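Asks: dropping the sequence and predicted coords here.
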Amino acid sequence: MAEPARARRTFAPVVLLGLAAGALVAVAGTRPGVDVDGDPGSGVTASVGLGGTDTAYDMPLVTSLALVALAAWGVVLVTRGVVRRGVVVVGVVAALGALAAAATAWGSLADDLRTALQQVGAADADVSHTGWYAAAVAGSVLLVAASLAALRLVPHWPEMGSRYDAPSGGAGAAATAAATRPVEELSDLDLWRALDEGHDPTAPDDEDTSGPDRGAG
């Protein structure tokens, strides 16, 4: 009993970590991932982004996968059962993809920028990775960690969506039974089910509340 209880308490921290990490990666992916150190000697400055469309060296995959992961976390909040676990798997795949794309960008972004600088006569310029690149990688690591934790813990998490479902299955029988019991013995849920089925347990026994012609004749 203690282990499931502890697992339930991880719901809010893990979801918040996943949402925060996904947002960080999505934002960092739109910022310059590499830049030129100092003055390259020819008045040329350049930067290459991890995401966005401002340059020919962009990597929208990092941002796109982070957004997929964020969407998965949002769906986790309102689903349950097999669907919820499937969404968590999608989030894990998206998080791993974002981390792989950001890690691959370490060499590809710098090489692309050096090639561009060589074409304008600034081959001696030093290229370095920016803090936004580091944020994208660190955020991706946290996103993967949160997603894997969710994959392990989700069977024990509270299913927030179930409370909004209308009663099903035995609702009709419960409503019929409620109609034959004294009103003072009915719970709020019994009253709700009876009204949902078209019965009014509070109406006098000799009243007919089901037809549109009540009182006619």
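Replies: Now that the structure is in, tell me what you want to look at. Numbers count the residues shown, from 1 in each chain.
Asks: for the longest helix seen in the chain, list every residue counted as buried.
Replies: Determined from DSSP state H, the single longest helix within the chain is helix 81-119. Under the neighbour-count criterion of 16 or more other Cβ atoms under 10 Å, helix 81-119 has 84, 87-88, 90-92, 94-99, 101-102, 105, 109-110, 112-114, 116-117 buried. All C-beta atoms are positioned from the backbone trio N, CA, C, and that covers glycine.
Asks: do you know how far the residue nearest to G97 when sequence neighbours are not counted is from G22?
Replies: Leaving out its chain neighbours, the residue that sits closest to G97 by Cβ to Cβ, 6 or more residues apart in numbering is L65, at 4.5 Å. L65 sits 9 Å away from G22, going by Cβ to Cβ, to the nearest Å.
Asks: ditto for S108
Replies: For S108, the distance to G22 - Cβ to Cβ - is 23 Å.
Asks: now do D35
Replies: Separation of D35 from G22 (Cβ to Cβ) stands at 25 Å.
Asks: packing partners for the strand ranked longest in the chain?
Replies: Longest strand in the chain by number of residues (criterion: DSSP state E): strand 32-37. With contacts taken as 3 or more Cβ pairs under 8 Å, 6 or more residues apart in numbering; DSSP states H and E, strand 32-37 sits against strand 47-49, helix 81-119, strand 126-129, helix 131-153.
Asks: tell me the domain boundaries of this structure?
Replies: Domains of the chain are assigned by automatic domain parsing as 2-163, 167-209.
Asks: by mean pLDDT, show me the worst of these.
Replies: Mean pLDDT values for those show the minimum at domain 167-209, a mean of 58.
Asks: whichever strand or helix holds the residue nearest to G97 packs against which elements?
Replies: When elements are assigned from DSSP states H and E, L65 belongs to helix 60-76. Counting contacts by 3+ Cβ pairs under 8 Å, 6+ apart, helix 60-76 packs against helix 11-28, helix 81-119, helix 131-153.
Asks: how about stretch 99-106 as CSV, C-alpha atoms only?
Replies: These are the backbone C-alpha positions of stretch 99-106, laid out as CSV (Å, rounded to 0.1, in the frame of the first residue of the first chain):
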residue,chain,number,x,y,z
LEU,A,99,17.6,15.0,-27.2
ALA,A,100,19.0,13.1,-30.2
ALA,A,101,18.4,16.1,-32.5
ALA,A,102,20.0,18.5,-30.1
ALA,A,103,23.0,16.3,-29.5
THR,A,104,23.5,15.8,-33.3
ALA,A,105,23.4,19.6,-33.7
TRP,A,106,26.7,20.0,-31.7
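Asks: just give me the neighbour total for A72.
Replies: 23 (other Cβ atoms under 10 Å).
Asks: wait, what's in contact with it?
Replies: Residues near A72 by Cβ atoms under 8 Å, 6 or more residues apart in numbering: V87, V88, V90, G91, A94.
Asks: ok, for it, nearest residue in space, not its chain neighbours?
Replies: G91 (3.4 Å).
Asks: picking up where we left off before, switch the helices and strands packed on helix 60-76 over to CSV; also include distance to A69.
Replies: Shown next, in CSV, are these (distance: least, Cβ to Cβ, whole Å):
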stretch, distance to A69
helix 11-28, 5
helix 81-119, 4
helix 131-153, 6
